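A.B. asks: this is the structure alone, sequence omitted:
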Ligand SMILES: [Fe+2]
């Protein structure tokens, strides 16, 4: 037992943050049946993270998704004894992502500085990545018309729901965003929402819960699937780290969602 407890810090600091799993989830929704979505959030790629990020891109592509949704926090503003990779270098890596119907992105709270967003907007011009910051697009996936709506980050007040949904009609809607706290304000007719931001608390203590509760609702939406009324949201615990490179019971994850 003592050996096990002593091993926890080694696991949390040196092993778990370097892992990466592909978490497959199934969502029952006949209106979106057959669609496969990859959702990646909170990448927080550091200067020494190139190999890890390239492996992430390879793992996502292997899943052959219809669409790839990038949920924000690509850089890291502050992390102990490390530095963020530059945003343009990150985009060069993400340009390798391949999906049948497109790769789409929004900004997280770490992309709140105009210098960063400008560099990302400039860098994606040479790629197939499309920015959907408070914007939407209509996709034709197999026999289905689907709206994809990207909403800016609620945690730093970058969201604009009216603008994001402008022109959306009766077709099914998939939303992707950064902070899950926006969930109560998502219209009832939205089929599915994907969010991140929380890192699942990053360090999740058994019988206590997440060590860090960054959401304004004091941890109401931490990770996993939430359903309220007719609405559903999946919150990913993300891939990278903030403050310290440490994770416990929050193995970095790529979300692959299959609608059934
Ligand atoms: Fe984050």
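C.D. replies: Perfect, thanks for sending it. What you see is a predicted model, and the numbers here were worked out from it, not measured in a lab. Residues are numbered from 1 along each chain as shown.
A.B. asks: can you report how many residues neighbour residue 223?
C.D. replies: 22 (other Cβ atoms under 10 Å). C-betas here are computed from N, CA, C, even on glycine.
A.B. asks: wait, isn't it in contact with residue 198?
C.D. replies: Yes: Residue 223 is within contact range of residue 198, at 6.3 Å (criterion: Cβ atoms under 8 Å).
A.B. asks: what sits in contact with each of these two?
C.D. replies: 235, 237 (Cβ atoms under 8 Å, 6 or more residues apart in numbering).
A.B. asks: can you tell me the SS state at the closest residue in space to residue 95 that isn't next to it in sequence?
C.D. replies: Nearest residue to residue 95, sequence neighbours excluded (Cβ to Cβ, 6 or more residues apart in numbering): residue 127, at 4.0 Å. Judged by DSSP: H, G, I helix; E, B strand; the rest coil, the three-state class of residue 127 is coil.
A.B. asks: my guess is residue 127 contacts residue 90. True?
C.D. replies: No: applying Cβ under 8 Å as the test, residue 127 and residue 90 come out as separate, 11.3 Å apart.
A.B. asks: okay, these two: which has more neighbours?
C.D. replies: A direct count of neighbours by other Cβ under 10 Å for residue 127 and residue 90 places residue 90 higher, at 22 against 15.
A.B. asks: distance check, residue 197 against residue 180.
C.D. replies: Plainly put, residue 197 is 6 Å away from residue 180 if you go by Cβ to Cβ, to the nearest Å.
A.B. asks: got it, and residue 27?
C.D. replies: Residue 27 sits at a distance of 16 Å from residue 180 (criterion: Cβ to Cβ).
A.B. asks: which of these two has more neighbours?
C.D. replies: The neighbour count for residue 27 versus residue 180, taken as other Cβ under 10 Å, is higher for residue 180 (26 against 17).
A.B. asks: quick one: residues contacting the more buried one.
C.D. replies: By Cβ under 8 Å, 6+ apart, the contact set of residue 180 is 195-198, 215, 221, 226, 233, 235.
A.B. asks: now with 10 Å?
C.D. replies: Listed by Cβ atoms under 10 Å, 6 or more residues apart in numbering, the contact partners of residue 180 are 154-155, 193-198, 215, 217, 220-223, 226, 233-236.
A.B. asks: report the central residue of the protein.
C.D. replies: A centroid search over the chain (Cα atoms, centre = their mean) returns residue 41, at 2.3 Å, as the residue closest to the centre.
A.B. asks: how about it: what's its closest non-neighbour residue?
C.D. replies: residue 196 (2.7 Å).
A.B. asks: just the buried members of the contacts of residue 180?
C.D. replies: 154-155, 193-198, 215, 221-223, 226, 233-236 (16 or more other Cβ atoms under 10 Å).
A.B. asks: scan the protein for its longest helix.
C.D. replies: Longest among the helix segments of the chain by residue count, using DSSP state H, is helix 50-62.
A.B. asks: now do the strands in the protein.
C.D. replies: Under the criterion DSSP state E, strands of the chain are mapped to 21-27, 36-40, 67-70, 103-105, 129-131, 135-141, 144-150, 173-176, 192-195, 204-205, 209-210, 224-228, 231-235, 253-259.
A.B. asks: from the contact counts, what lies against the second one?
C.D. replies: Yep, that's strand 36-40 we're talking about. Under the contact criterion of 3 or more Cβ pairs under 10 Å, 6 or more residues apart in numbering; DSSP states H and E, strand 36-40 touches strand 21-27, helix 50-62, strand 67-70, strand 103-105, strand 173-176, strand 192-195, strand 231-235, strand 253-259.
A.B. asks: give me the mean pLDDT for it.
C.D. replies: Mean pLDDT, strand 36-40: 98.
A.B. asks: strand partners of that strand, parallel vs antiparallel please.
C.D. replies: Using DSSP bridges, the strands paired with strand 36-40 are strand 67-70 (parallel), strand 253-259 (antiparallel).
A.B. asks: buried deepest among the ones you listed, which one?
C.D. replies: strand 67-70 (a mean of 25; mean count of other Cβ atoms under 10 Å).
A.B. asks: ok, back up a step: so the residue nearest to residue 95 makes contact with residue 91?
C.D. replies: Yes: judged on Cβ atoms under 10 Å, residue 127 makes contact with residue 91 at a distance of 6.5 Å.
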